[in-house]
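Asker: below are the sequence and a predicted model; questions follow.
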Amino acid sequence: MNLFSSFDPSTNFNLPLNWLSSLLGFLIIPPMFWFIPSRANMLWINIISTLNKEFKVLLGTNKNQGSTLIFISLFSFILFNNFLGLFPYIFTGTSHLAMTLTLALPLWLSFMIYGWVNNTIHMFAHLVPQGTPPILMPFMVCIETISNLIRPGTLAVRLSANMIAGHLLMTLLGNTGPKLTLLLVNFLIIIQILLLILESAVSIIQSYVFAVLSVLYSKEVN
């Protein structure tokens, strides 16, 4: 056991059983839709409705009904995994590039294929921002192409890095506990509680940022 053991996918019997934590939501979430609406259910419905309105505004006049469903599902999945990782001894799937790239890369690739096949002229126009001087156009094409290619990487790294950073900080502080005096231990507990609140906020913000950026990337290809 070392500092990074909580980030190891195969800590149990040399099998990657930790990834099963990402599927626990399918066991927990469905019953809430069949029971009498509870406070938690009503809160979740309000969150989904708010996200639906925001994503519709970002997508603009899109004829495809229900196009926000995939982004709301993406937000829900990432949010669930982020919060699950805040509990002790539970594997955090979103702290690994194997999961975040699996979410970001196919989504971005499908947007790019759709855009270049159906709106080729529109995609070429995006490579040169409006008002660019003719002498700078070759450089702007290179810069825009590179920025477009690294989008799935930045999406994946942003999510996993934020998850790892908070967990490592809490782990490092927690490991110093046995060596501290009683007064400092009380101070450490207060710091850990504040960090846990901060990590809860980061879990919500990062899942929202991932979903919103995915919406913005999809808008550019229409």
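Answerer: Perfect, I can see it now. Numbering: from 1, shown residues only.
Asker: burial measure for Thr120, as a count.
Answerer: For Thr120, the count of nearby residues is 10 (other Cβ atoms under 10 Å). (Glycine included, C-beta is placed from N, CA and C.)
Asker: distance of it relative to Ile113?
Answerer: 12 Å (Cβ to Cβ, to the nearest Å).
Asker: again with Ile47
Answerer: Taking Cβ to Cβ, one finds Ile47 at 31 Å from Ile113.
Asker: which one of these two has more residues nearby?
Answerer: Ile47 (15 against 11).
Asker: how about the helices of the chain, start to end?
Answerer: 25-28, 39-59, 69-84, 97-118, 120-126, 137-149, 151-175, 182-220 (DSSP state H).
Asker: and the lowest-mean-pLDDT helix or strand in the chain, what other elements does it pack with?
Answerer: Least confident helix or strand of the chain, by mean pLDDT, DSSP states H and E, is helix 25-28 with a mean of 72. Packing partners of helix 25-28 (3 or more Cβ pairs under 8 Å, 6 or more residues apart in numbering; DSSP states H and E): helix 69-84.
Asker: next one: the helix it packs on to chain centre, how far?
Answerer: Taking Cα atoms, centre = their mean, to the nearest Å, one finds helix 69-84 lying 7 Å from the centre of the chain it belongs to.
Asker: now the angle from that helix to helix 97-118?
Answerer: Put simply, helix 69-84 runs at 170 degrees to helix 97-118, going by axes from the mean of the first three to the mean of the last three Cα atoms, to 10 degrees.
Asker: just the CA atoms of helix 69-84, as PDB, please.
Answerer: Taking Å, rounded to 0.1, in the frame of the first residue of the first chain, the C-alpha atoms of helix 69-84 are listed here in PDB:
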ATOM      1  CA  LEU A  69     -30.300  14.500 -23.600                       C
ATOM      2  CA  ILE A  70     -26.800  13.200 -24.400                       C
ATOM      3  CA  PHE A  71     -25.100  16.200 -22.600                       C
ATOM      4  CA  ILE A  72     -27.400  15.900 -19.600                       C
ATOM      5  CA  SER A  73     -26.600  12.200 -19.400                       C
ATOM      6  CA  LEU A  74     -22.900  13.000 -19.700                       C
ATOM      7  CA  PHE A  75     -23.200  15.600 -16.900                       C
ATOM      8  CA  SER A  76     -25.100  13.100 -14.600                       C
ATOM      9  CA  PHE A  77     -22.600  10.300 -15.200                       C
ATOM     10  CA  ILE A  78     -19.500  12.400 -14.500                       C
ATOM     11  CA  LEU A  79     -21.200  14.000 -11.500                       C
ATOM     12  CA  PHE A  80     -22.100  10.600 -10.000                       C
ATOM     13  CA  ASN A  81     -18.500   9.300 -10.400                       C
ATOM     14  CA  ASN A  82     -17.000  12.500  -9.000                       C
ATOM     15  CA  PHE A  83     -19.100  12.300  -5.900                       C
ATOM     16  CA  LEU A  84     -18.600   8.600  -5.500                       C
END
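Asker: what residues sit buried inside that helix?
Answerer: 71-72, 74-84 (16 or more other Cβ atoms under 10 Å).
Asker: check stretch 192-200 too.
Answerer: 195, 199.
Asker: list the contacts of it.
Answerer: For stretch 192-200, the external contacting residues (Cβ atoms under 8 Å, 6 or more residues apart in numbering) are 83, 86, 166-167, 169-170, 173-174.
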